[in-house]
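Enquirer: Pasting a predicted model and its sequence here:
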Amino acid sequence: MKTIMLLVLTSLALPFFMLSVWVPPNKTVSGTVYASSGVPVQNALVTATSDIGFGTATTDVNGHYSITSGLPAGNYTLTVLSNGYLQVTVENVTVTVGGTTTENPYLHYSGGISGRITDASTHIGLINVAVTAVSSDGKHVGAALTDILGNYTITTNLATGTYNVSVLFPKGHVSKTLGSISVTEGTITTGHDMALEHSGTISGTVTMSSNPLANATVIAVSTSMAMGTATTDASGHYSITDGLATGTYIVSATYSGGFAMPQTGVSVVEGQETSNINFTITLLPTTSGTITGKVMDTGNAPIANALVTAEGQATFSSEDTYTDTSGNYIISTGLPTDTYNVTASAPGYTPSSQNVAVIVNTVSQADFTLTKIPPGQSGTISGTVMGDANPPVPEFQSPLITLFVLTLAAVAIAKSSSRKPKPR
């Protein structure tokens with residue numbers, strides 16, 4: 001469950017897809033997205049991804065799309081996502097710099113699941129709650145946000161089959177799942193409502209050397225795998241207010257380079273607060289320096305999931321990490337005193353490097369600005385997307401980017417897969 005939560009938090013915060021890595025020249029991918037009846041699909045989101053590049057486009061009124069930048073030469077996975085249809089994935093789309101590859105995906109109807117999410121006590125609908133549907137075989141995942149009345153309708157990427165529908169970390173409430181919901185492509189199954197109980201609360205303070213400690217992470221996990229998390233404020237105070245069902249919890253506090261003994265047997269009752277669960281962080285002995293910083297694009301927007309590597313010039317020490325959703329990174333282990341070549345890279349961007357002097361027990365700063373790979377160094381993927389005519393599902397009410405991010409989060413939950421090995 002902890003892995004799932006981290007994946008969800010990461011995915012939902014993930015700014016606008018997964019950003020980039022390094023690269024040689026790029027190519028273009030284009031085409032038209034059609035449904036089975038040959039009807040053009042407008043506003044379909046088409047993405048091309050690989051270890052070295054990333055590009056995206058939205059289909060026009062004729063179903064046409066063209067990805068013209070961010071694609072160095074290589075093989076890509078093309079994904080098409082549109083409300084009312086099943087997701088389509090095309091593997092091994094070859095791109096060459098200055099060339100155009102044509103792919104014309106075809107979309108079939110999705111099924112749908114709808115219902116209402118309410119507060120169990122007041123029966124008032126809960127707004128902007130994330131709801132996911134995962135098929136029993138884990139191959140199909142859809143997601144939606146509740147509207148102002150608490151209603152949700154998941155109408156994307158649900159093939160015929162049986163699904164579990166879950167509410168993800170609703171603010172101030174406890175998560176819940178409905179199982180064995182049958183779905184048929186082209187129709188919506190209705191009435192799958194959930195009334196959510198109020199979460200319990202665990203609160204306290206975290207200190208270091210008798211001083212309040214900000215930005216420490218506190219995690220509570222029960223024997224039934226219910227869980228919640230919070231970060232301390234400037235006064236060292238924290239309050240976990242989401243996801244805590246009645247039960248007994250293990251609560252732990254963590255901070256970079258520090259340690260505190262977990263507290264076991266912490267009792268929580270839904271709707272009530274368990275207070276004064278306090279921690280003292282002790283710094284661990286270290287033989288490492290620290291490199292920290294931020295990775296941004298030329299528009300001063302953070303790049304999430306950028307790879308940052310540090311290579312020692314004399315010690316040959318090597319460490320790496322990935323940026324968070326705000327573009328921040330930190331490498332705090334495995335860095336003896338040395339001068340390091342630090343490189344930041346992300347798919348669709350030109351990598352950037354700098355030399356950084358590191359001394360044990362000190363912090364060095366290294367910020368990066370990455371430039372998007374220009375069209376002149378990219379290939380093109382283009383085409384037309386067609387799909388089944390008039391899918392019998394309502395219009396998606398949220399922006400397409402929200403749909404994309406929600407689906408990424410749901411896929412992460414369904415697969416709970418670990419990140420592939422990091423390049424060295």
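Expert: Yes, it's here.

Enquirer: I'd assumed residue 304 was in contact with residue 324.
Expert: Yes. Using Cβ atoms under 8 Å, residue 324 is in contact with residue 304, at 6.7 Å. Just so you know, the C-beta spots here come from the backbone N, C-alpha and C atoms, and that holds for glycine as well.

Enquirer: Looking at these two, which is more packed in?
Expert: Ranked by neighbour count (other Cβ atoms under 10 Å), residue 324 and residue 304 place residue 304 first, with 23 against 19.

Enquirer: Give me the distance between residue 326 and residue 232.
Expert: Plainly put, residue 326 is 17 Å away from residue 232 if you go by Cβ to Cβ, to the nearest Å.

Enquirer: what about those two, which has more around it?
Expert: residue 232 (24 against 14).

Enquirer: Am I right that that one is in contact with residue 218?
Expert: Yes. Using Cβ under 8 Å, residue 232 is in contact with residue 218, at 7.0 Å.

Enquirer: Which neighbours do these two have in common?
Expert: Among the neighbours of residue 232, those also in contact with residue 218 (Cβ atoms under 8 Å, 6 or more residues apart in numbering) are 206, 238.

Enquirer: For the residue nearest to residue 226 when sequence neighbours are not counted, which residues are in contact?
Expert: Closest residue to residue 226 in three dimensions, ignoring its sequence neighbours and counting by Cβ to Cβ, 6 or more residues apart in numbering: residue 245, at 4.4 Å. Shown in contact with residue 245 (Cβ under 8 Å, 6+ apart): 174, 197, 199, 200, 222, 224, 226, 268, 270.

Enquirer: Endpoints of stretch 344-358, how far apart?
Expert: Stretch 344-358 has an end-to-end distance of 17 Å (Cα to Cα, to the nearest Å).

Enquirer: residues of that stretch that come out buried?
Expert: Across stretch 344-358, burial judged by 16 or more other Cβ atoms under 10 Å covers 344, 345, 346, 347, 348, 349, 350, 351, 352, 356, 358.

Enquirer: quick one: which two of the residues you listed are the most distant?
Expert: Farthest pair in the buried residues of stretch 344-358 (Cβ to Cβ) is 348 and 358. Separation: 29.2 Å.

Enquirer: What about residue 299, how many residues nearby?
Expert: Residue 299: 7 neighbours (other Cβ under 10 Å).

Enquirer: Give me the pLDDT for it.
Expert: Confidence at residue 299, expressed as pLDDT, is 92.

Enquirer: got it, and residue 163?
Expert: You'll see residue 163 listed with a pLDDT of 96.

Enquirer: How about residues contacting the helix or strand it falls within?
Expert: Element membership of residue 163 [criterion: DSSP states H and E] is strand 161-168. For strand 161-168, the external contacting residues (Cβ under 8 Å, 6+ apart) are 8, 113, 115, 117, 129-137, 140, 154, 173, 175-183, 192, 194, 196, 409, 413.

Enquirer: Name the residues of whichever helix or strand comes after that strand that are buried.
Expert: Note on strand 161-168: by DSSP H and E, the next helix or strand toward the C-terminus is strand 176-183. By neighbour count on 16+ other Cβ under 10 Å, the buried set for strand 176-183 is 176, 178, 181, 183.

Enquirer: and the next helix-or-strand element following strand 176-183, what's its mean pLDDT?
Expert: Per DSSP H and E, the first helix or strand lying C-terminal to strand 176-183 is strand 188-189. Mean pLDDT, strand 188-189: 92.

Enquirer: closest to residue 60 among the buried residues of stretch 344-358?
Expert: Nearest to residue 60 among the buried residues of stretch 344-358, with distances taken as Cβ to Cβ, is residue 348, at 22.0 Å.

Enquirer: Against residue 151, how distant is the closest one?
Expert: From residue 348 to residue 151 the distance is 37 Å (Cβ to Cβ).

Enquirer: can you pull up the bridge partners for residue 345?
Expert: On the basis of DSSP bridges, residue 345 is bridged to residue 307.

Enquirer: isn't it right up against residue 305?
Expert: No. Applying Cβ under 8 Å, one finds residue 345 not in contact with residue 305, separated by 10.7 Å.

Enquirer: tell me the contacts of residue 55?
Expert: 29, 47, 48, 67, 68, 69, 70, 71, 348, 378, 381.

Enquirer: Just those: which are in helices?
Expert: Using DSSP state H, no member of those sits in helices.

Enquirer: got the residues you listed as a markdown table, with distance to residue 237 columns?
Expert: Formatted as a markdown table, those follow (distance: Cβ to Cβ, whole Å):
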| residue | distance to residue 237 |
| --- | --- |
| 29 | 50 |
| 47 | 41 |
| 48 | 45 |
| 67 | 47 |
| 68 | 50 |
| 69 | 46 |
| 70 | 43 |
| 71 | 47 |
| 348 | 40 |
| 378 | 49 |
| 381 | 50 |
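
Enquirer: In JSON lines: those residues, plus pLDDT and distance to residue 260.
Expert: Converted to JSON lines, the contacts of residue 55 look like this (pLDDT from 0 to 100; distance: Cβ to Cβ, whole Å):
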{"residue": "29", "pLDDT": "53", "distance to residue 260": "50"}
{"residue": "47", "pLDDT": "92", "distance to residue 260": "42"}
{"residue": "48", "pLDDT": "92", "distance to residue 260": "45"}
{"residue": "67", "pLDDT": "92", "distance to residue 260": "48"}
{"residue": "68", "pLDDT": "88", "distance to residue 260": "51"}
{"residue": "69", "pLDDT": "84", "distance to residue 260": "47"}
{"residue": "70", "pLDDT": "87", "distance to residue 260": "43"}
{"residue": "71", "pLDDT": "90", "distance to residue 260": "47"}
{"residue": "348", "pLDDT": "85", "distance to residue 260": "40"}
{"residue": "378", "pLDDT": "88", "distance to residue 260": "49"}
{"residue": "381", "pLDDT": "92", "distance to residue 260": "50"}
